[in-house]
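Engineer: coordinates for the following, if possible.
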Amino acid sequence: MFSQPLWLGKDGMGHLFLFKALDNALLYYLAYPHTELFVTYGNNVLASSIGDIGKDRVSHGYSGSLVSKGIRYEQRVVPWDRRAEETDEETPLLILQHRIIPPFSVWESVLFGAAGLSFMLILIWITLGSWITDTVKRIMHLDSSADQFAREHAFSPATRQMLASVGEGHEDELADLSHSMKEMMETVLLREEEHRLDGELLKRFNSLLKAQQETSIDGILVIDEKRKVLNYNSRFAEMWGIPEELIQTFDDRKLLDYILPFLKYAEEFISKVEYLYENPYETSKDEILLNDGRIFDRFTGPVLLPEGIPYARIWYFRDVTESHRLKQELRDLSLNDELTGLYNRRGFLTFAQQQIKIADRTKKEMMFFFVDMDDLKLINDNLGHHTGDMAIKETAQVLRETFRDSDVIARFGGDEFAVLVSDASVDSENILKERLSKNIESHNEQANRSYKLSISVGTAVYDPAQPYSLDDLIGKADAFMYEQKMGKKRV
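Structural biologist: Sure, this is the predicted structure:
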């Protein structure tokens with residue numbers, strides 16, 4: 001994830017967050033020269049900056065030096081989530097390997113070179129006098145600065161002063177060496193700071209994903225192509241009552257064996273699961289009935305690599321028992337319209353209030369549609385009320401085809417209809433209007449029709465951040481609908 005400050009007008013500054021898939025291509029882009037990056041889980045290498053080459057030299061969970069094929073590497077392991085160290089929870093790891101060239105470290109090379117040069121200059125000092133003394137002093141400053149940098153791992157003012165004294169007033173090899181050492185130390189510190197920031201980004205990215213999962217009202221489960229659990233949230237374990245020690249086996253088949261006794265139609269459930277695993281590109285949405293009377297909505301789809309290749313399957317489970325119970329209560333209270341089978345005005349108001357409470361709790365917007373049939377009076381006057389009733393029922397069918405079963409669809413009375421679409425923002429308005437228009441056209445294209453369906457539509461968005469009453473929501477949409485109907489008459 002990358003962050004960029006973003007001006008939001010009078011609301012102040014915000015940030016634009018960009019996300020990029022953590023795969024071989026990204027690790028290759030992030031790797032420095034002579035440095036390889038690996039992401040591992042357990043003993044598996046999930047992604048690498050060098051592809052499959054070199055995976056065999058990864059030493060899982062080990063930080064230190066290692067040698068592979070005669071080449072020395074320095075390896076560091078960065079946990080994906082620091083909290084996993086406290087709970088011994090297995091978590092993805094970021095492994096960094098830096099190739100050491102030459103076989104000696106930078107500090108050893110500097111020290112050996114300085115020591116050898118010091119020894120040679122001491123032999124010459126007998127004949128060269130004060131020049132040798134000054135040169136030896138400069139060499140000692142080089143040696144001391146390298147030693148101090150290695151001990152403190154910081155470019156302190158004292159180290160800077162010693163390096164400056166070596167080059168001050170001189171234009172020789174020692175001056176060049178002091179300049180090179182200064183650049184090398186600055187580069188080392190810069191690279192380490194960049195690595196520290198990369199680690200901080202990984203921690204933030206992981207924290208964001210965890211927060212998104214744990215605040216979801218859905219139970220979430222991710223299974224890889226080997227039928228191993230890649231990820232899950234606490235809501236999933238809570239919904240199914242799965243013990244923590246069972247989930248920690250990361251075995252999908254053991255989880256299935258555990259939940260099957262709770263299902264009303266276990267054979268149908270397992271058959272559907274196996275079919276979806278055999279067809280990794282398939283998506284599916286259905287309802288699951290449990291023996292204790294609960295009802296879960298189940299949605300699943302593939303998790304794709306940037307190349308479009310599926311490597312896992314994600315499952316979402318939502319407890320809709322309460323929603324079904326409320327719908328049943330509405331039926332029991334005769335809150336349905338007799339002609340169309342939709343909710344009547346009372347049923348709509350009752351269930352819409354429940355949906356508003358849910359929207360206020362989940363902070364998700366809703367879209368309200370107010371629909372009025374055009375020219376119903378002409379159909380009744382010219383073709384009879386029986387045909388008018390047919391037109392009303394056909395309009396109700398169009399609304400059923402356009403909106404979801406979970407949306408609240410009602411006949412308000414006469415030629416007026418209302419639809420409350422949950423979890424939908426203003427961005428969904430044009431899509432739903434276009435779908436509604438296409439369904440109207442499809443019905444009108446049917447043969448042997450004695451009338452033509454036409455509707456006027458007004459919409460309004462319910463925003464939990466700025467809530468208002470259901471009456472205000474209806475009034476706002478009604479005003480827009482009336483404006484559209486008057487526009488048709490003027491045309």
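
Engineer: in the stretch 101-250 of the chain, which spans are strands?
Structural biologist: 219-224, 229-232 (DSSP state E, counting those that start in this stretch).

Engineer: buried deepest among those, which one?
Structural biologist: Mean neighbour count (mean count of other CB atoms under 10 Å) peaks for strand 219-224 among the strands of the stretch 101-250 of the chain, with a mean of 20. All C-beta atoms are positioned from the backbone trio N, CA, C, and that covers glycine.

Engineer: partners of it in the sheet?
Structural biologist: According to DSSP bridges, strand 219-224 forms sheet pairs with strand 229-232 (antiparallel), strand 310-319 (antiparallel).

Engineer: just put the ones you listed in a markdown table and tack on mean pLDDT and distance to residue 36.
Structural biologist: Shown next, in a markdown table, are the strands paired with strand 219-224 (pLDDT from 0 to 100; distance: least, CB to CB, whole Å):
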| stretch | mean pLDDT | distance to residue 36 |
| --- | --- | --- |
| strand 229-232 | 90 | 23 |
| strand 310-319 | 92 | 21 |
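
Engineer: and of those, who's closest to residue 65?
Structural biologist: Of all those, it is strand 229-232 that lies closest to residue 65, at 31.6 Å by CB to CB.

Engineer: what comes into contact with that closest one?
Structural biologist: 41, 213, 219-224, 247, 250-252, 255, 312 (CB atoms under 8 Å, 6 or more residues apart in numbering).

Engineer: tell me how many other residues crowd residue 280.
Structural biologist: 16 (other CB atoms under 10 Å).

Engineer: relative to residue 481, how far out is the closest residue to residue 376 other than its chain neighbours?
Structural biologist: Leaving out its chain neighbours, the residue that sits closest to residue 376 by CB to CB, 6 or more residues apart in numbering is residue 415, at 4.2 Å. Using CB to CB, to the nearest Å, residue 415 is found at 11 Å from residue 481.

Engineer: what is in contact with the two at once?
Structural biologist: Joint contacts of residue 415 and residue 481 (CB under 8 Å, 6+ apart) are residue 372.

Engineer: and of the strands of the stretch 101-250 of the chain, who's closest to residue 463?
Structural biologist: When the strands of the stretch 101-250 of the chain are compared by CB to CB, strand 219-224 sits nearest residue 463, at 26.0 Å.

Engineer: measure the nearest residue to residue 327 once chain neighbours are set aside to residue 370 for me?
Structural biologist: Nearest residue to residue 327, sequence neighbours excluded (CB to CB, 6+ apart): residue 351, at 7.4 Å. Distance, residue 351 to residue 370, by CB to CB: 16 Å.

Engineer: for these two, indicate the residue with more neighbours.
Structural biologist: Counting neighbours by other CB under 10 Å for residue 351 and for residue 370 shows that residue 370 has the greater number, 24 against 20.

Engineer: for that one, what are its contacts?
Structural biologist: Residue 370 makes contact with 416, 417, 418, 457, 458, 459, 460, 474, 477, 478, 480, 481, according to CB under 8 Å, 6+ apart.

Engineer: which residue packs closest to it, ignoring adjacent ones?
Structural biologist: Spatial nearest neighbour of residue 370, excluding adjacent residues (CB to CB, 6+ apart): residue 477 at 3.8 Å.

Engineer: show me how far the host helix or strand of that neighbour is from its chain's centre.
Structural biologist: For residue 477, the enclosing helix or strand under DSSP states H and E is helix 470-490. When distances are taken as CA atoms, centre = their mean, to the nearest Å, helix 470-490 is centred 38 Å away from the chain's centroid.

Engineer: what residues does that helix touch?
Structural biologist: Contacts for helix 470-490 (CB under 8 Å, 6+ apart): 349, 352-353, 356, 368-372, 374, 418, 456-460, 462.

Engineer: low-confidence stretches in the stretch 301-450 of the chain?
Structural biologist: Where the stretch 301-450 of the chain drops to pLDDT under 70, the residues are 330-333.

Engineer: all strands of it, in order?
Structural biologist: 310-319, 366-373, 408-413, 416-421.

Engineer: residue 234 and residue 214 touch, don't they?
Structural biologist: Yes - in this structure, residue 234 is within contact of residue 214 by CB atoms under 8 Å, at 6.1 Å.

Engineer: between these two, point out the one with more neighbours.
Structural biologist: residue 234 (14 against 11).

Engineer: how close does that one get to residue 312?
Structural biologist: To residue 312, residue 234 is 20 Å away according to CB to CB.

Engineer: do residue 452 as well
Structural biologist: Counting by CB to CB - residue 452 and residue 312 are separated by 49 Å.

Engineer: out of the contacts of helix 470-490, which are buried?
Structural biologist: For the contacts of helix 470-490, a neighbour count by 16 or more other CB atoms under 10 Å gives the buried set as 349, 352, 356, 368-372, 374, 418, 456-460, 462.
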